[in-house]
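Colleague: Sequence isn't available, so here's the structure alone:
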């Protein structure tokens, strides 16, 4: 398909001569004046415009300004028999790509047109690549190489730029808010606001006012009008966290906003239109809440246009090392410390632990390790106690995969010490160096205690 060219020239002979010379390489449109040219520019996808500076009673400069103000402006080249340096500078200042003088050299004109087109194509390719890089960077917060997190990333990219309502389900600490932020930044409205409401933190009356706003005097204490979160997020994104906690009355109002894109402030009958993209998240199973009669089925369907399920960290253990590395850099920078690696024993602990608090809990553990470590390497002893000595309920793992200090009925120090060493040996798979690190003692002390305890 040939690229499109618009020739604007009031002299018929010149106009037709240019058409004849250029129609082998371009799909040529012609116009004798500004009005005709603008009509063509608005109806056809013109790539390049070649226009005279003087068009009878019209000004080629005015046409240039109008053309470059269009949503998809053409590359503009000016031509005139009255060429001067000042005229050329003015045309270039207004956005013309180049300037030629009459009498025209057809070979020069053809070369300029092709260069202009090639330049525009390169600009567009560069813009597309820049956008792709930006999108890729926005996905960097979804850290991991597991198939589970890759599926989440694919879904985010698929739906981010749409207006579809998204429901994010997953255990606490799995990163639902990170996904919400990523959806917003990859949407068509990243410059607009993203407003966050934690539904479980507010009473039913406060939540209703928080979401929809209220008028002065709507209830006791309403001393002035309040703009709700939906209105604050107009043109942007509203993230409703812990959506499963909202009461029945608020569910009805929320359903109306999602269905009709309208709302009424508390204490008002005025109907307000809003343009808001809604993302909701919950650590509960909304389908089960619907079956129990505590959540409206019609609201569930409105929220569940696209569902993204966040996997628990125990189901994506291959991501633990990558996540830990990211958090190490984050907290080293935050605390103005050098980035220190994790020892093998510390990594073994992180990989063996079940992470009931998911990514949020891992983040806490790494921050603790960065703050507590004064050595060159973060050892197992620098990690928090819940990782070194997890409670039995913290993990579905077997006893051999955990270190527990379940005290016997009598507080026998010898037995407690023996029990701790046995379990440390089990976790370290009988590696004496790692066992010593887990217990926070030297290898020589460990060897001595093994002999004393008959282990």
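Modeller: Okay, I see it. Note that the structure is a prediction, hence the values are computed from the model and not measured.
Colleague: Could I get the full set of helices for the stretch 51-200 of the chain?
Modeller: In chain order, the stretch 51-200 of the chain shows helices spanning 60-68, 85-94, 106-138, 147-159, 176-185, with DSSP state H, counting those that start in this stretch as the criterion.
Colleague: Packing partners of the first one?
Modeller: In this case it means helix 60-68. helix 34-43, strand 48-52, strand 75-80, helix 85-94 (3 or more CB pairs under 8 Å, 6 or more residues apart in numbering; DSSP states H and E). The C-beta positions use only the backbone N, C-alpha and C, and glycine is treated the same way.
Colleague: now it against strand 75-80, angle please.
Modeller: Relative orientation of helix 60-68 versus strand 75-80 (axes from the mean of the first three to the mean of the last three CA atoms, to 10 degrees): 170 degrees.
Colleague: Show me which residues of helix 60-68 are buried.
Modeller: Neighbour-count burial for helix 60-68, with 16 or more other CB atoms under 10 Å as criterion, is recorded at 60-61, 63-64, 67.
Colleague: tell me the mean pLDDT for it?
Modeller: Along helix 60-68, the predicted confidence averages to a pLDDT of 90.
Colleague: which outside residues touch it?
Modeller: Counting by CB atoms under 8 Å, 6 or more residues apart in numbering, helix 60-68 makes contact with 8, 34, 37-38, 41, 49, 51-55, 73-74, 76, 78, 80, 90-91, 94-96, all of which sit outside it.
Colleague: burial of residue 159, as a residue count?
Modeller: The local packing count at residue 159 equals 19, with neighbours defined by other CB atoms under 10 Å.
Colleague: mind checking pLDDT for it?
Modeller: The predicted structure scores residue 159 at 94 on the pLDDT scale.
Colleague: Straight-line length of stretch 183-193, end to end?
Modeller: With CA to CA, to the nearest Å as the measure, stretch 183-193 spans 13 Å from end to end.
Colleague: related to what we said a few turns ago, I'd like the helices and strands packed on helix 60-68 as JSON lines, with distance to residue 278 appended.
Modeller: Supplementary listing: those in JSON lines, determined by distance: least, CB to CB, whole Å:
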{"stretch": "helix 34-43", "distance to residue 278": "36"}
{"stretch": "strand 48-52", "distance to residue 278": "43"}
{"stretch": "strand 75-80", "distance to residue 278": "41"}
{"stretch": "helix 85-94", "distance to residue 278": "43"}
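Colleague: hey, least reliable of these by pLDDT?
Modeller: When the helices and strands packed on helix 60-68 are compared on average pLDDT, helix 85-94 comes out lowest at a mean of 76.
Colleague: Please state the offset of that helix from the chain centre?
Modeller: Mean-position distance between helix 85-94 and its chain equals 42 Å (CA atoms, centre = their mean, to the nearest Å).
Colleague: Then stretch 170-183?
Modeller: Counting by CA atoms, centre = their mean, stretch 170-183 comes out at 10 Å from the chain centroid.
Colleague: same check, this time on stretch 222-238
Modeller: Counting by CA atoms, centre = their mean, stretch 222-238 is centred 23 Å from the centre of its parent chain.
Colleague: Quick one: closest of the helices of the stretch 51-200 of the chain to residue 335.
Modeller: Nearest of the helices of the stretch 51-200 of the chain to residue 335, taken as CB to CB: helix 176-185 at 21.8 Å.
Colleague: how about that closest one: buried residues?
Modeller: Applying a neighbour-count criterion of 16+ other CB under 10 Å, one finds 176-185 buried in helix 176-185.
Colleague: who's in contact with residue 142?
Modeller: Shown here is residue 142, whose contacts under the criterion CB under 8 Å, 6+ apart are 149, 152-153, 156, 175, 178-179, 182.
Colleague: Name the spans of the stretch 51-200 of the chain whose pLDDT lies under the cut-off.
Modeller: In the prediction, the stretch 51-200 of the chain carries residues with pLDDT under 70 at positions 82-85, 88, 122-140, 190-191.
Colleague: What's the separation between residue 300 and residue 440?
Modeller: Per CB to CB, to the nearest Å, residue 300 is found 50 Å from residue 440.
Colleague: ok, back up a step: would you turn the buried residues of helix 176-185 into TSV with distance to residue 332?
Modeller: Written out in TSV, the entries for the buried residues of helix 176-185 read as follows (distance: CB to CB, whole Å):
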residue	distance to residue 332
176	26
177	23
178	20
179	26
180	27
181	23
182	24
183	29
184	28
185	25
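Colleague: Nearest residue to the middle of the chain?
Modeller: In the chain, the residue lying closest to the centroid (CA atoms, centre = their mean) is residue 182, at 1.7 Å.
Colleague: Is it in contact with residue 141, as I believe?
Modeller: Yes. With contact defined as CB atoms under 8 Å, residue 182 reaches residue 141; the gap is 5.9 Å.
Colleague: Show me which of residue 300 and residue 440 is the more surrounded one.
Modeller: Neighbours per residue, other CB under 10 Å: of residue 300 and residue 440, the larger number sits with residue 300, 18 against 13.
Colleague: Counting neighbours, which bits of stretch 358-374 end up buried?
Modeller: For stretch 358-374, the buried set under the neighbour-count rule, 16+ other CB under 10 Å, comprises 358-370, 373.
Colleague: typo on my end, stretch 209-228
Modeller: Of the residues in stretch 209-228, those with enough neighbours to count as buried (16+ other CB under 10 Å) are 209-215, 218, 226, 228.
Colleague: domain ranges for the protein?
Modeller: Domain ranges of the chain: 4-129, 142-311, 315-452, per automatic domain parsing.
Colleague: Now the terminal residues of the longest one, how far apart.
Modeller: It refers to domain 142-311. The first-to-last residue distance of domain 142-311 comes to 12 Å (CA to CA).
Colleague: same thing with the last one?
Modeller: Start-to-end span of domain 315-452 (CA to CA) is 41 Å.
Colleague: Now do that domain, average pLDDT.
Modeller: 79.
Colleague: Check the offset of that domain from the chain's centre.
Modeller: On the basis of CA atoms, centre = their mean, domain 315-452 is displaced by 33 Å from the centre of the chain it belongs to.
Colleague: what do you get for the longest one?
Modeller: If you compare the mean C-alpha spot of domain 142-311 with that of the full chain, they lie 17 Å apart, counting by CA atoms, centre = their mean.
Colleague: same thing with stretch 5-18?
Modeller: Stretch 5-18 sits 50 Å away from the centroid of its parent chain (CA atoms, centre = their mean).
Colleague: Now that stretch: buried residues?
Modeller: Neighbour-count burial for stretch 5-18 flags 5-10, 14-15, 18 (criterion: 16+ other CB under 10 Å).
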